[in-house]
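Q: Sequence and predicted model, in that order:
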Amino acid sequence: MNYKDLIEPLKDIVHHAASLILDVYKTGFDHTIELKPDDSPVTIADKLANDYIVERLNKLTPNIPVIAEESTLIDYNNRKDFKYYWLVDPLDGTKEFIKKNDEFTVNIALIEEKNPVFGIIYVPVFKECYYATKKNGAYKYSNGKESKINSNKVDLNRNGLKIFISRSHLGQKEQDFLKTFKNPTVIQMGSSLKFLRVAEGNADVYFRFSPTMEWDTAAAQIILEEAGGSIKSFDDNSALKYNKPSLKNPGFIAKG
């Protein structure tokens, strides 16, 4: 499979999904907010974008299954032998979407043999599109221009690192770990925007201990890796892997 052939059709898919999200964002959605079994919120925008993306992916690559946050999840026994699958977060940062602080994204990744090999993230309010394919670098498309992005070279022991942390998921473990850095500049932000800021060199580090799911990180991981950075598990310092029996991620640190 030539992953680069996916870029243009996926640009179209995330752009249209973003327009569905923004239609809801601009017109109000208080009456559409529901709580899922884990008490996380979901809105009509999540569902509209989810259904649209899944439908388009099924038409684009009918032989590749899709795992999406707002769809019925596929049992591990039925997915453990997948060579390829799409991993979709139709609206990453739903809490930020509800707060109307503009910090939300559309995330789509292609997984091959437990590793992301293609990823695209669209930032609806800012009209920014980030994407990467394995061994081909990471790129940002904004204001009609495409540019290659590169992360900073980061020494975790350096003084004054710029560190991004979650706006809505800051726990005691994160606060304790933050104290291990020397005079950091700390910025709170929502959604996968934190990964993107590290990938493009506007931040050095983002870390998180509280739970995330595979669809929260997959697209960002390939973009950051192709920009020269990494996302490593706190458990064993290995790159995050996908299609696990549980779709939950371990705690991780993302850096240039």
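A: Thanks, I have it.
Q: Now the terminal residues of stretch 129-137, how far apart.
A: End-to-end distance of stretch 129-137 (C-alpha to C-alpha, to the nearest Å): 14 Å.
Q: Need the mean per-residue confidence for that stretch.
A: If you average the pLDDT over stretch 129-137, you get 97.
Q: buried sites along it?
A: Within stretch 129-137, the residues that qualify as buried are 129-134, counting by 16 or more other C-beta atoms under 10 Å. C-betas here are computed from N, CA, C, even on glycine.
Q: can I get the CA coordinates of stretch 205-215 in CSV?
A: Output of stretch 205-215 as CSV, limited to C-alpha atoms (Å, rounded to 0.1, in the frame of the first residue of the first chain):
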residue,chain,number,x,y,z
VAL,A,205,7.3,17.8,26.1
TYR,A,206,3.7,16.6,26.8
PHE,A,207,3.0,13.8,29.3
ARG,A,208,0.0,12.1,30.7
PHE,A,209,-0.7,9.4,33.3
SER,A,210,-4.5,9.6,33.4
PRO,A,211,-6.3,7.2,31.0
THR,A,212,-6.3,7.7,27.2
MET,A,213,-7.5,5.4,24.4
GLU,A,214,-5.7,4.2,21.3
TRP,A,215,-7.7,6.6,19.1
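Q: Offset the numbering so it begins at 41, please.
A: With the count now opening at 41, the last piece we talked about shows up as stretch 245-255.
Q: follow-up on the earlier one: looking at the buried residues of stretch 169-177, spot the one nearest Leu97.
A: For the buried residues of stretch 169-177, the closest approach to Leu97 (C-beta to C-beta) belongs to Tyr171, at 15.2 Å.
Q: Please identify the helix or strand for the closest one.
A: Here Tyr171, judged by DSSP states H and E, is contained in strand 168-173.
Q: what sits against Phe144?
A: Residues near Phe144 by C-beta atoms under 8 Å, 6 or more residues apart in numbering: 61, 131-134, 136-137, 163-165, 230-231.
Q: make it 7 Å
A: Contact analysis of Phe144 by C-beta atoms under 7 Å, 6 or more residues apart in numbering lists 131-133, 136-137, 164, 230-231.
Q: likewise Asp195?
A: Applying C-beta under 7 Å, 6+ apart, no residues contact Asp195.
Q: Return the backbone torsion pair for it.
A: Taking degrees, to the nearest 10, you get phi -110, psi 120 for the backbone angles of Asp195.
Q: again with Ile189
A: With angles defined as degrees, to the nearest 10, Ile189 sits at phi -110, psi 150.
Q: Would you mind measuring from it to Ile271?
A: 16 Å (C-beta to C-beta, to the nearest Å).
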